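Chemist: Sequence first, predicted coordinates after that:
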Amino acid sequence: MSGNKRIVVVGGVAAGPKAASKARRLDQQAEITVIQREPELSMASCGYPYYVGGLFNDRNALLSAGTGPVRDPAYFWGVKRIMARTETEAVAIDREGKTVLCRDMRTGATEQIAYDRLILATGAVPSVPPIPGVDLEGITTLHNMTDTDYLRRIHDERKTAKAVVIGGGLIGVEACEALRESGIQVTLVELQPQILSFLDWEMAKLIKNHLRHKSVEVITGNGIAAFLGDDGRVTSVRLGDGTELPCELAVLAIGVRPNSALARESGLAVGATGGVIVNEYMQTSDENIYAVGDCIETKHLTTGEPTHAPFGDLANLQGRVAGENAVLGNTVTFPGTIATGICKVFDYAAGATGLNEGSARDAGLDAVAVIGASLDKPGYMGGQLLISKLVVEKKSGRILGAQCVGPGDVSRQIAQWAMAIRGDLAVEDLVNADLPYAPPFSLAIDHGIMMAHIMQNKRKGRLKGISAREVKETVDGGAPIFVIDCRDPEEYREMRLGLGEKLIPLPTLRDRLDELPEDKNAEIICYCRVSLRAYEALLILEANGWKNVWVMEGGVVAWPYERER
């Protein structure tokens, strides 16, 4: 027997190949084997929807690094001297004997593979509920290359007219775009009251509105009761309220769960989330076995609680840590996650990092939030709109989370806030942040810094902000309020909210104070396009004695409801 260290990796999508590759870079003599159930290796699974929708057409791009060769078993052996066994299933782990029982899925032959260190990267499995008719032809997930190839054929054939996507998370929303780009009429069905649960409701509603603008019908607060079919093929979906949606295709995208069965059956500790429990070294309850990627649970760095975070970037980072530790001992760590994510929604993006307002309060944190809007760079440079929500700890100002949606550079904003959270920064640390500025790239006061300024003003009591949701509830409740639209007449003629508002352009406000309620305690709400002018109006009114003046945060562009015109 060779004296070289034997490292076996189970799983060949993202975390597993990364772990194996890192181990090889640190130990050129180790015997490294990757066991992969699927025919493909090292798939860029986050790219599946974009291949399905035709954003790119080279299937091999999902299986290669940049312009390099396809990462198949020959590549892994030739370049890395890693033995990659595809279409091979890890059936059981003998922890005492330190072997993995594997089965060749083509021949049925089994083999025991010995290890000194074992790395589990078994990923996640899509949730497929036991709904009547779920086995009909034309019902699929979007989880692996088989699903991707099936949906890409539908894209290329252009014969499917109607589809239903079940689930309004990241994959569901991305699938909607892919199917619309395939010329298919799409309906998205989500059981919860909103799509994209990482956003707060009013931010998710803006994305829902944009999907509808792109001709995707969105139904929330309604589930699937049954799939109906004819001659073995799906023909419609019946919702919980009895509505039937005709379709030739249904995509299940209701989430994933950790594929931890192999670990559980071998006696490894599994947490409440269903994921394998690991320490900061990615080590399981067995010191010789590591686990990485979508099959594990990890620590949420803001709440300290375990969470399941099935993100491709985290899988790669965890794989890198496990690969090094499997070779050198426990020398590097993976601290946890703040749940940073982003989603393309046609020509919009929706991103978030850390906690949203709801999850912060559920975690027992005293949080305050603010919504703001601006362009990502000057209008004369083609600036695009950003709408953001910043969540901070009320007393300390510590940044807990941020959300951003719109056609502008969402990714940059989320990246900035993610690093601020990881650095345990507070709002006061960002109000004078030194960020790169030039008109082709940013405003002189970057959108993120502007959000910090708004939050600073709110925490100091200079800005009394009210969300669009609170405004709508107040108006619908019949409360006596006076609403001022501070925009110009041209803007008002093009579109108005229909709240019974009074148009008083900001430049005329000082001369029209007699049109306001005589009662200085009367509730007054001001807004404009992004509510910058509304803040100026608040200061004018407060200087003239009104004591109960509010600014509708985010202005007209952040209004998530129907408009009068």
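Modeler: Structure received. Numbering: from 1, shown residues only.
Chemist: For the rest of this, base every contact and every neighbour count on C-alpha atoms.
Modeler: Fine.
Chemist: any idea how far Leu262 is from Glu89?
Modeler: For Glu89, the distance to Leu262 equals 11 Å [CA to CA, to the nearest Å].
Chemist: go on, Ala20?
Modeler: Applying CA to CA to Ala20 and Leu262 gives a distance of 19 Å.
Chemist: With neighbour numbers in mind, choose between those two.
Modeler: Ranked by neighbour count (other CA atoms under 10 Å), Ala20 and Leu262 place Ala20 first, with 30 against 17.
Chemist: what sits against the more buried one?
Modeler: Ala20 is in contact with 7, 9, 32-34, 82, 319, 323, counting by CA atoms under 8 Å, 6 or more residues apart in numbering.
Chemist: Next, count neighbours for the residue nearest to Leu268 when sequence neighbours are not counted.
Modeler: Distances taken as CA to CA, 6 or more residues apart in numbering put Ser285 closest to Leu268, at 5.8 Å, once the chain neighbours are dropped. By other CA under 10 Å, 16 other residues sit near Ser285.
Chemist: so how far is Arg71 from Ser285?
Modeler: From Ser285 to Arg71 the distance is 32 Å (CA to CA).
Chemist: For Gly108, give its distance to Glu89.
Modeler: Distance, Gly108 to Glu89, by CA to CA: 10 Å.
Chemist: Which helix or strand contains Glu217?
Modeler: Following DSSP states H and E, one finds Glu217 within strand 216-220.
Chemist: Find the residue closest to Val173 in space, skipping its chain neighbours.
Modeler: Val345 is the one closest to Val173 (CA to CA, 6+ apart), at 6.9 Å.
Chemist: if we can go back for a sec, looking at Gly108 and Glu89, which one has more neighbours?
Modeler: Glu89 (21 against 11).
Chemist: Against Gly172, how distant is the closest residue to Leu503 other than its chain neighbours?
Modeler: Of all residues not flanking Leu503 in the chain, Asp485 sits nearest, at 4.8 Å (CA to CA, 6+ apart). Distance, Asp485 to Gly172, using CA to CA: 37 Å.
Chemist: same check, this time on Glu542
Modeler: 47 Å.
Chemist: quick revisit: which ones among the contacts of Ala20 are found in helices?
Modeler: If you go by DSSP state H, the contacts of Ala20 have 319, 323 in helices.
Chemist: Going by neighbour count, which of the contacts of Ala20 are buried?
Modeler: For the contacts of Ala20, a neighbour count by 16 or more other CA atoms under 10 Å gives the buried set as 7, 9, 32-34, 82, 319, 323.
Chemist: Which of these fall in strands?
Modeler: 7, 9, 32-34 (DSSP state E).
Chemist: tell me the domain boundaries of the chain?
Modeler: For the chain, automatic domain parsing gives the domain ranges 6-124+257-328, 139-254, 341-459, 465-558.
Chemist: and the end-to-end length of the shortest one?
Modeler: One end of domain 465-558 to the other measures 13 Å (CA to CA).
Chemist: That one - what's its average pLDDT?
Modeler: If you average the pLDDT over domain 465-558, you get 96.
Chemist: From the chain's centre, how far out is it? Work that out for me.
Modeler: Taking CA atoms, centre = their mean, to the nearest Å, one finds the center of domain 465-558 at 34 Å from the center of the full chain.
Chemist: Which residue lies nearest the spatial centre of the chain?
Modeler: Central residue of the chain (CA atoms, centre = their mean): Gly341, 3.9 Å from the mean position.
Chemist: That one and Thr353 touch, don't they?
Modeler: Yes. Contact criterion CA atoms under 8 Å: Gly341 and Thr353 qualify, at 6.4 Å.
Chemist: quick one, what contacts the spatially closest residue to Ala161 that is not a sequence neighbour?
Modeler: Spatially, and ignoring its direct neighbours in sequence, Ala161 is nearest to Ile184 (5.0 Å; CA to CA, 6+ apart). Contacts for Ile184 (CA under 8 Å, 6+ apart) come out as 160-163.
Chemist: Separate out the buried members of those residues.
Modeler: For the contacts of Ile184, a burial check counting by 16+ other CA under 10 Å picks out 160, 162-163.
Chemist: Those in strands, which ones?
Modeler: 162-163.
Chemist: Stretch 20-31: end-to-end distance?
Modeler: One end of stretch 20-31 sits 10 Å from the other (CA to CA).
Chemist: buried residues in that stretch?
Modeler: In stretch 20-31, counting by 16+ other CA under 10 Å, buried: 20-24, 27, 30-31.
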